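# Provided below for reference: sequence and predicted model.
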Amino acid sequence: MTSAANQSGAPQLPLFYRDPIPVDVNRHRDWKIKQTRSFAYAARTNAIPIVAEEFPSLHAHYPIVFSNGERPAALALVGLRPQVNLHVDAEGNWRKGYPIPAYVRRYPFILMESPDRDRLILCMEEDPAVVAPDGEIPLFDGEQAAQGGNDALNFCASFNQAAQVTQAFCDALKEKGILVDQRADVVTPDKQRLSLAGFSVVDENKLNELPDEVILDWRKKNWLGLIYTHLLSLNRWNELIERATEKA
């Protein structure tokens, strides 16, 4: 849920990333990915971007919603307060038994446009908690990419493809007018009042009013399945409230 530009006019970087730079053999020859990572980088957000293929695995654990704006994004809600992820503890561990969204697992790597904008190149955040010379999985083997480097590149490429499919789905929901702004006002068992706004959900009544040809097209694309999975996921609100109470 970020704007396209900050106050200085410079484009904002994606969530978690501060200064990603191209992965380069001369600079990163001895860098290695850490097998046991800290998820501290994901601790200060309450919403994680997700892709459509994750809906089935995530919906039983997190509410799935959509960001507001002209280009809505699919999000897994992981907290009720801004900058508080209820599923990352003080030691940087993700809550045991809960699937970790691909967006989180992709970090510190990301595909970004080259300076001439004619191709995508593998970049990474030089986060020593995740990748550093004292890691275990090498990015390079001499002058060539090692298996770890190739795996990072392939994961990012697959994620980008899935994100494009997901964006087409989200754009269609917006175009057909079935997304409605939602606001969650909750009172926890210990009497704390929490408000969460800035997201949308599918309006079932508007969904049912869509023309038959649209419903048929979406069924063929498996978009109806995604919609109903999203609606089922909203049952996880109570769990977020309980988790917020436990954290408090």
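Right, received. Where do you want to start? Numbering: from 1, shown residues only.

# What are the boundaries of the helices in this structure?
Here the chain has its helices, by DSSP state H, at 25-28, 55-58, 102-106, 147-175, 204-208, 212-220, 223-233, 237-247.

# Please identify the buried residues of the fourth one?
What it means is helix 147-175. For helix 147-175, the neighbour count (16 or more other C-beta atoms under 10 Å) marks 148-149, 152-153, 156, 159, 162-163, 166-167, 169-170, 173-174 as buried. Yep, even glycine has a C-beta here, placed from its N, CA and C like the rest.

# Nearest residue to the middle of the chain?
Using C-alpha atoms, centre = their mean, the residue of the chain that lies closest to the mean C-alpha position is residue 49, 2.3 Å off.

# Let me see the contact set for it.
By C-beta atoms under 8 Å, 6 or more residues apart in numbering, the contact list for residue 49 reads 15, 73, 74, 75, 101, 103, 163.

# Check the closest residue to residue 201 other than its chain neighbours and give its pLDDT.
Excluding the flanking residues, the one nearest residue 201 by C-beta to C-beta, 6 or more residues apart in numbering is residue 182, at 4.8 Å. Note for residue 182: predicted pLDDT of 87.

# And residue 182, how far from residue 108?
As for residue 182, its distance to residue 108 is 32 Å (criterion: C-beta to C-beta, to the nearest Å).

# of the two, who's got more company?
Comparing residue 182 with residue 108 by neighbour count (other C-beta atoms under 10 Å), the higher total belongs to residue 108, at 21 against 17.

# Which of the contacts of residue 49 fall in strands?
Using DSSP state E, the subset of the contacts of residue 49 located in strands is 74, 75.

# between the contacts of residue 49, which is nearest residue 234?
residue 75 (12.5 Å; C-beta to C-beta).

# My read is that that closest one contacts residue 48, right?
Yes - using C-beta atoms under 8 Å, residue 75 is in contact with residue 48, at 6.5 Å.

# which other residues reach the one helix or strand in the chain whose mean pLDDT sits lowest?
Scoring the helices and strands of the chain by mean pLDDT, DSSP states H and E places helix 237-247 at the bottom, with a mean of 80. Residues outside helix 237-247 that contact it (C-beta under 8 Å, 6+ apart) are 63, 77, 79-81, 84, 86-87, 184, 186, 188-190, 192, 194.

# Show me the shaky parts of the chain.
Within the chain, the ranges that satisfy pLDDT under 70 run 1-11, 188-190, 247-248.

# which phi and psi does the residue sitting furthest away from the middle of it have?
Seen from the C-alpha centroid of the chain, the residue lying at the greatest distance (C-alpha atoms, centre = their mean) is residue 142, 33.4 Å away. Main-chain dihedrals, residue 142, degrees, to the nearest 10: phi 70, psi -120.

# tell me the contacts of the residue nearest to residue 201?
65, 197, 199, 200, 201.

# again, only using 6 Å
Counting by C-beta atoms under 6 Å, 6 or more residues apart in numbering, residue 182 makes contact with 199, 200, 201.

# Filter the residues you listed down to the ones in strands?
Checking those against DSSP E, those in strands are 199, 200, 201.

# For the first one, name its beta-bridge partners.
I take that to be residue 199. In this structure, residue 199 bridges to residue 67, residue 182 when assessed by DSSP bridges.

# Now do the spatially closest residue to residue 102 that is not a sequence neighbour against residue 142, distance only.
Leaving aside its sequence neighbours, residue 102 sits nearest to residue 159 (C-beta to C-beta, 6+ apart; 5.7 Å). Per C-beta to C-beta, residue 159 is found 27 Å from residue 142.

# Repeat that for residue 163.
Computed as C-beta to C-beta, the residue 163 to residue 142 distance reads 33 Å.
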